[in-house]
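Enquirer: sequence below, structure please.
(2 chains, ligands or ions: 2)
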Amino acid sequence: MGMGIKLKIISIIVTLVFVFFVFKFIKKSKIRPSSAILWLTVCAFLLSIPVFEKYYQFISLHLFGMVHTIHFIYIGLIVFLLIYSFYLTIQLNKVSDRVQFLITHTAINEKEIRELKKNEN
Amino acid sequence: MKILVAVIAYNEEKNIANTLDDLARNNCGYDIVVIDNGSSDNTHGICEKLGVPYLRHCINTGSPYGTVRSYFDYAGKYNYDIICQFDGDGQHIASELPKIIDPVKNNVADFVIGSRFLQKKGFKSSFLRRIGINLFSFINSSITGRKISDTTSGFKAYGKNVIDYFYKTYKNEIYDINQILLLSFFNGARIMEVPIVMKAREHGASEFNFFRSAAFPVKGLINIMGCLLQGKAR
Ligand SMILES: Nc1nc2c(ncn2[C@@H]2O[C@H](COP(=O)(O)OP(=O)(O)O)[C@@H](O)[C@H]2O)c(=O)[nH]1
Ligand SMILES: [Mg+2]
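Expert: Numbering: from 1, shown residues only, chains lettered A, B, ... in the order given. Ligands and ions are numbered 1, 2, ... in the order given. So this is what the prediction gives:
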């Protein structure tokens, strides 16, 4: 039940395109180093699938008792994506907390400045 | 005693002048501040013209609860003892304010809710919304051990300990009405409800469309759960 050579080539090309984009964003400083590390690790994992297929087959069969390696990889990816999107939700809420704080803070400051200016005139 | 009435407004240029006029004519010794929640209309211009102090959010926070953080922080910073929330859409009546202020003033409560449902008069909200209001009133009554009939009422007065709690201790985002009530309760606020009268809206529409109404109870339940867990952890 191995990957065909065609599939291997396609998956490697797709991953390399992905790597290319990650580097493009790193170059423009549009991605934080911590996020870049995460996504490069993901790329490394994706690249390793066609290259080290035998090892994944071994791990999935003997460690998890799964005959179909592909299921093992899918499940791994899904678990990763779930955890990561949950983490992002938490981060988003944190950002929203801070935005609320800033809105209040700037509003109170703006009022004070406005009234100071009025008193000057 | 320093008392503040926070008039919350989002795109209320048609209603805000009447609201402020009502407050000016029935002022029983309080300061007024309008919290303009990032309106895209001339709400702030009208406040400016009438000489009423206003805070202006640079971004709309998406719901009336986004104004709560601002008025608590403002009241905390300027040392107010009592703060009332007052809707800028003209549904609240200024001459009713003493009813919610007095219990705090007389030190018999720290969190006073003006309820529409304790007497027959006035505007009562739509049928569907009343189902939601009743559900949450029941839950909140059970938790606090106090009879609450109108949890979603925006006509409220808060005392010093509630102001200080939200100004100094609880710094997270405020996004739900049950959250304000239960966190205050767990912080030791004495909750009280008094009968008041409300009017129907003259201009514009309420934020509650179909989807919001459907999501509201679910979000509320999750929020209550969170507050209960926080209260237990204390
Ligand atoms: N819809 C909405 N209302 C806001 C917002 N910020 C402040 N408000 C004010 O909150 C008050 C209550 O809102 P409304 O939609 O009338 O709710 P209802 O009276 O409970 O139906 C009004 O005075 C609004 O002007 C916001 O972001 N959205
Ligand atoms: Mg209203």
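Enquirer: so for residue B:204, what's the pLDDT?
Expert: pLDDT recorded at residue B:204 is 67.
Enquirer: spell out which parts of chain B neighbour ligand 2.
Expert: Counting by CB under 5 Å from the ion, chain B comes close to ligand 2 at B:89, B:91. For the C-beta atoms, the positions are set from N, CA and C on the backbone; glycine is no exception.
Enquirer: quick check: which ranges of chain B have low pLDDT?
Expert: For chain B, the stretches with pLDDT under 70 are B:204-214, B:232-234.
Enquirer: residue closest to the middle of chain A?
Expert: In chain A, the centroid-proximal residue (CA atoms, centre = their mean) is residue A:39; its distance is 5.6 Å.
Enquirer: ok, the residue most central in space within chain B to ligand 1 distance?
Expert: In chain B, the residue lying closest to the centroid (CA atoms, centre = their mean) is residue B:154, at 3.5 Å. Distance, residue B:154 to ligand 1, using CB to the nearest ligand atom, to the nearest Å: 6 Å.
Enquirer: surely that residue meets residue B:8?
Expert: Yes: taking CB atoms under 8 Å as the definition, residue B:154 is a contact partner of residue B:8 at 7.5 Å.
Enquirer: what is in contact with these two at once?
Expert: Listed contacts common to residue B:154 and residue B:8 are B:64, B:85, B:86, B:87; contacts here mean CB atoms under 8 Å, 6 or more residues apart in numbering or on different chains.
Enquirer: quick one: contacts for residue 33?
Expert: Going with chain A. Counting by CB under 8 Å, 6+ apart, residue A:33 touches residue A:26.
Enquirer: wait, chain B was what I had in mind.
Expert: B:4, B:5, B:6, B:7, B:52, B:53, B:54, B:55, B:71, B:74.
Enquirer: now residue B:181
Expert: Counting by CB under 8 Å, 6+ apart, residue B:181 makes contact with B:111, B:113, B:140, B:144, B:148, B:151, B:191.
Enquirer: wait, is it part of a helix?
Expert: Yes: according to DSSP: H, G, I helix; E, B strand; the rest coil, residue B:181 belongs to a helix.
Enquirer: can you tell me the SS state at residue B:6?
Expert: Residue B:6, by the three-state scheme (three-state DSSP), is strand.
Enquirer: any idea how far the residue nearest to the centre of chain B lies from residue B:188?
Expert: Using CB to CB, to the nearest Å, we find residue B:154 at a distance of 23 Å from residue B:188.
Enquirer: mind checking how far residue A:105 is from residue B:174?
Expert: 15 Å.
Enquirer: name the residue in the two with the higher neighbour count.
Expert: Between residue A:105 and residue B:174, counted using other CB atoms under 10 Å in any protein chain shown, the more crowded position is residue B:174 (22 against 13).
Enquirer: can you pull the contacts of the residue of chain A at minimum distance from ligand 1?
Expert: Closest approach of chain A to ligand 1 (CB to the nearest ligand atom) occurs at residue A:103, with a separation of 11.3 Å. Contacts for residue A:103 (CB under 8 Å, 6+ apart) come out as B:38, B:57, B:58, B:59, B:61, B:66, B:69, B:70.
Enquirer: go on, residue B:197?
Expert: For residue B:197, counting by CB under 8 Å, 6+ apart, the contacting residues are B:93, B:96, B:116, B:119, B:121, B:122, B:123.
Enquirer: helix or strand: which one has it?
Expert: Using DSSP states H and E, residue B:197 maps to neither a helix nor a strand.
Enquirer: and it, how far from residue B:146?
Expert: Residue B:197 is 21 Å from residue B:146, by CB to CB.
Enquirer: what about the longest helix in chain B?
Expert: Counting by DSSP state H, the longest helix found in chain B is helix B:210-233.
Enquirer: got the buried residues for that helix?
Expert: Going by neighbour count (16 or more other CB atoms under 10 Å in any protein chain shown), the buried part of helix B:210-233 is B:213, B:216, B:220, B:223, B:224, B:227.
Enquirer: quick one: the third one and chain A, what's the gap?
Expert: Translated: residue B:220. As judged by CB to the nearest CB, to the nearest Å, residue B:220 and chain A stand 17 Å apart.
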